[in-house]
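**Q** Below is the structure, and that's it, no one-letter string:
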């Protein structure tokens, strides 16, 4: 297996695990701080923006690489 392919798979897999773990942390934080439904929604929205940015970055990089 090519090391570059392995690195890409591992980065995607490990970042996905990190995102899931961050979701658990945000849920636990919202529960312990008694943030309520709106506060929990805001916390997950902000986390979702970070996840969305990671996905957009991957799409833009793939687009740029295919243009060359």
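**A** Everything's here; your move. Keep in mind that this is a model prediction, so the values were computed, not measured.
**Q** pLDDT weak spots in this structure?
**A** Applying pLDDT under 70 to the chain picks out residues 68.
**Q** pull the longest helix from it.
**A** Longest helix in the chain, counting residues (DSSP state H): helix 36-67.
**Q** OK, contacts around the spatially most central residue of the chain?
**A** Nearest to the mean C-alpha position of the chain, counting by C-alpha atoms, centre = their mean, stands residue 51 at 3.3 Å. Going by C-beta atoms under 8 Å, 6 or more residues apart in numbering, residue 51 touches residue 19. (Glycine included, C-beta is placed from N, CA and C.)
**Q** Give the other helices and strands that the helix or strand containing residue 13 contacts.
**A** In the assignment (DSSP states H and E), residue 13 maps to helix 3-32. Judged by 3 or more C-beta pairs under 8 Å, 6 or more residues apart in numbering; DSSP states H and E, the packing partners of helix 3-32 are helix 36-67.
**Q** and the helix it packs on, which residues are buried?
**A** 40, 43, 47 (16 or more other C-beta atoms under 10 Å).
**Q** would TSV of those residues with distance to residue 19 be doable?
**A** Formatted as TSV, those follow (distance: C-beta to C-beta, whole Å):
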residue	distance to residue 19
40	17
43	14
47	8
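**Q** how near is residue 23 to residue 48?
**A** Distance, residue 23 to residue 48, using C-beta to C-beta, to the nearest Å: 9 Å.
**Q** Show me which positions of the helix holding residue 13 end up buried.
**A** 26, 30.
**Q** Run the angle between that helix and helix 36-67 for me.
**A** Going by axes from the mean of the first three to the mean of the last three C-alpha atoms, to 10 degrees, helix 3-32 is angled at 170 degrees with respect to helix 36-67.
**Q** Please compute how far helix 3-32 lies from its chain's middle.
**A** Relative to its chain's centre, helix 3-32 lies at 6 Å (C-alpha atoms, centre = their mean, to the nearest Å).
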